[in-house]
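# Pasted the sequence and its predicted model underneath.
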Amino acid sequence: MPRKALPWLVVALLICVFIPWLWTIGPVLLLPYRVVLLAGFLPCMYLWLAGKVGRARAPDVLILLYCLWCPISLFAAHDAQVALQSGGIIVVETAGAYFFGRCFIRGPDQFYAMTRLLFVLVAIMLPFALVETVTNSNVSLAFFSKFFPVHVEAIKEPRWGLRRVQGVFEHPILFGVSCGAIFALVHLVLGGETSATKRWFATLTVLLTAGLSLSSGPLTAIIAQVSLVFWNWLLAKDAKRWQYLWILSLSMYGFIALASNQSVFEFLLTHFSFEPASAYYRVLIWRFGSESVLNHPFFGVGFGRWDRPEWMPPSIDMYWLYHAILFGIPAGIFMMGSFLTMVAVVAFTKETDERRLRYRTAYLIMMMGYFLVGWTVHFWNATYVLFLFLLGSGSWLLDDVANTGPRAARRRGLNRSARTRGSTNHDERSGPDHGLRATTNGAERNPKER
């Protein structure tokens, strides 16, 4: 089957995510991926407003509300200049990245091509990551720095006798999150259409590359994806396998809540971390960050100091809490709401086509990995853009259902039947009993007849 080409703007964006150059125009930091987002922003908005990429959905509206609220909160916390400059960047990186995926990934072929390109980019990173973890020399940044300024190399303490890999990102955590996010996509989307040898080679390539970050957050997300892929394979013939998983998860939650003297959230943080100090710090972020949100509920603290002890570092390693601290509870609701509504609607959409079902499973498992790691890590810059792009890239799983489901098939069959009866060349095979014209391979057969 011929595959649709990936739009060149998407190719440029995904490549630029892995380019660490820092360009500046006056006070504005113009990163390579921001240039691409600016180039595609208006075309995306036109496609969406014109209804050429399906009807508007709740996640779309929530993303736009987030982009509207952030400049308002920055204006309230600072001034018009900060609201215009920083708020503008937030709009470009948030709405731009999301609508790139929303508008330019419009079917399974483009979703496949997107996954293939991301795998190639991650695979290219592997040899450089191996050198970095053994020698502590970041050859990736060294190469790119020969042309333009790049990120500052992070301080990377050794773990298990190896160095944490930063690669082309600002921190090893971001390297692990960005590379590991595509595990389920590679295994189920790419691997579902190739031999077992190639599937496992590609899967292990992603695992090894992302694992070299040696960060508990990304590794936890990867383990979660591996577990969900295994569960899906183990109970592949049981249609209720995900209901069983929900029951098991809720039972475990209840057991931890009753048996532990910590909250479930604190229990998971302290027991799934390489360093107890790092886990304890994240517990403090949750405690003091939540208090800061309640103290500044409407507009947040902007880029000012959030409410915490004097001795506590300023970083907020918790993506899902970050937005509410800086921009207020409305921003936190809009961001979390856009994620949850997209994932929920995709999850509860009825699907019969095997390929689409496999792609949907891969997308949901990927998003679950992002959801889990977002409680221990903050996504920023290229990692943030990649996350929102991938979030929007699953919207075609909703739009196409209306055009490919059993009801649509019957409508198409009835329309063809009506046209056939009005034609002088009547073909009895396209009558209402069949609903579709005859084909040699049955590709157009009604899903109920398969």
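Yep, that arrived.

# going forward, measure contacts and count neighbours with C-alpha atoms only.
Noted.

# pull the longest helix from this structure.
helix 108-135 (DSSP state H).

# Can you mark which positions in that helix are buried?
Within helix 108-135, the residues that count as buried by 16 or more other Cα atoms under 10 Å are 108-119, 121-123, 125-126, 128-133.

# Just give the closest residue to T203, not the sequence neighbours.
H187 (5.6 Å; Cα to Cα, 6 or more residues apart in numbering).

# Then L38?
Nearest residue to L38 in three dimensions, chain neighbours excluded: V92, at 6.8 Å (Cα to Cα, 6+ apart).

# Also P59?
Per Cα to Cα, 6+ apart, closest to P59 is S338, 4.2 Å.

# about what we covered before: my understanding was that the residue nearest to T203 contacts A202; is that so?
Yes: here H187 reaches A202: they are 7.4 Å apart, a contact under Cα atoms under 8 Å.

# Those two: which has the busier surroundings?
Taking other Cα atoms under 10 Å, H187 and A202 do not tie; H187 has more neighbours (23 against 19).

# So the more buried one versus L22, what's the distance?
Counting by Cα to Cα, to the nearest Å, the gap from H187 to L22 is 33 Å.

# Same question for A113.
According to Cα to Cα, A113 stands 28 Å off from L22.

# cool, and R164?
Using Cα to Cα, one gets 23 Å for the distance from R164 to L22.

# more neighbours, the two?
Between R164 and L22, counted using other Cα under 10 Å, the more crowded position is R164 (28 against 14).

# Please report the distance of that one from Y319.
The separation that R164 has from Y319, given Cα to Cα, amounts to 21 Å.

# what's the answer for N295, then?
19 Å.

# who's in contact with the residue nearest to L38?
34, 37-38, 41 (Cα atoms under 8 Å, 6 or more residues apart in numbering).

# how about the helices in the stretch 251-400 of the chain?
264-271, 276-295, 319-327, 329-347, 354-373, 382-392, 396-399 (DSSP state H, counting those that start in this stretch).

# and the third one, what does it pack onto?
Using 3 or more Cα pairs under 8 Å, 6 or more residues apart in numbering; DSSP states H and E as the contact test, the elements touching helix 319-327 are helix 58-77, helix 276-295, helix 329-347.

# Quick one, which of these gets closest to T220.
helix 276-295 (13.1 Å; Cα to Cα).

# and V36, what element?
helix 32-49 (DSSP states H and E).

# hmm, who's touching that helix?
So helix 32-49 is contacted by 9, 12-14, 16-17, 19-23, 53-56, 92-93, 96-97, 99-100, 103, 382 (Cα under 8 Å, 6+ apart).

# What's the PyMOL syntax to select whichever of the residues you listed are buried?
The PyMOL selection below is limited to those of the contacts of helix 32-49 classed as buried (16+ other Cα under 10 Å):
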select buried, resi 13+14+16+17+19+20+21+53+54+92+93+96+97+99+100+103+382
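
# Can you flag which of the contacts of helix 32-49 belong to helices?
9, 12-14, 16-17, 97, 99-100, 103, 382.

# now the host helix or strand of V82 and helix 97-104, what's the angle there?
Following DSSP H and E, one finds V82 within helix 80-91. When axes from the mean of the first three to the mean of the last three Cα atoms, to 10 degrees is applied, the directions of helix 80-91 and helix 97-104 differ by 40 degrees.

# could you give the mean pLDDT of helix 80-91?
The pLDDT scores in helix 80-91 average 94.

# distance between it and the chain's centre?
24 Å (Cα atoms, centre = their mean, to the nearest Å).

# any idea of the angle that helix forms with helix 32-49?
If you take the same axes, to 10 degrees, helix 80-91 sits at 80 degrees to helix 32-49.

# For helix 80-91, name the packing helices and strands.
Here helix 80-91 touches helix 58-77, going by 3+ Cα pairs under 8 Å, 6+ apart.

# chain center to the helix it packs on, what's the gap?
The chain centroid and the centroid of helix 58-77 are separated by 20 Å under Cα atoms, centre = their mean.

# Tell me where the model's unsure across this structure.
Counting by pLDDT under 70, the chain contains low-confidence residues at 1-4, 270-277, 400-450.

# Recalculate using a threshold of 50.
Low-confidence segments of the chain (pLDDT under 50): 1-2, 402-450.

# Mean neighbour count and distance to L208 added to the helices and strands packed on helix 319-327, as CSV?
Listed next are those as CSV, based on neighbours: other Cα atoms under 10 Å; distance: least, Cα to Cα, whole Å:
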stretch, mean neighbour count, distance to L208
helix 58-77, 20, 33
helix 276-295, 18, 23
helix 329-347, 19, 27
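
# now these in TSV, with distance to S213?
Shown next, in TSV, are these (distance: least, Cα to Cα, whole Å):
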stretch	distance to S213
helix 58-77	30
helix 276-295	15
helix 329-347	26
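
# Of all these, which one comes closest to F144?
Nearest of the helices and strands packed on helix 319-327 (Cα to Cα): helix 276-295, 31.0 Å.

# and the angle from that closest one to helix 319-327?
40 degrees.

# now what about helix 276-295, what contacts it?
Here helix 276-295 makes contact (Cα under 8 Å, 6+ apart) with 266, 269-270, 273, 300, 306-308, 316-318, 321, 324-325, 328-329, 376.
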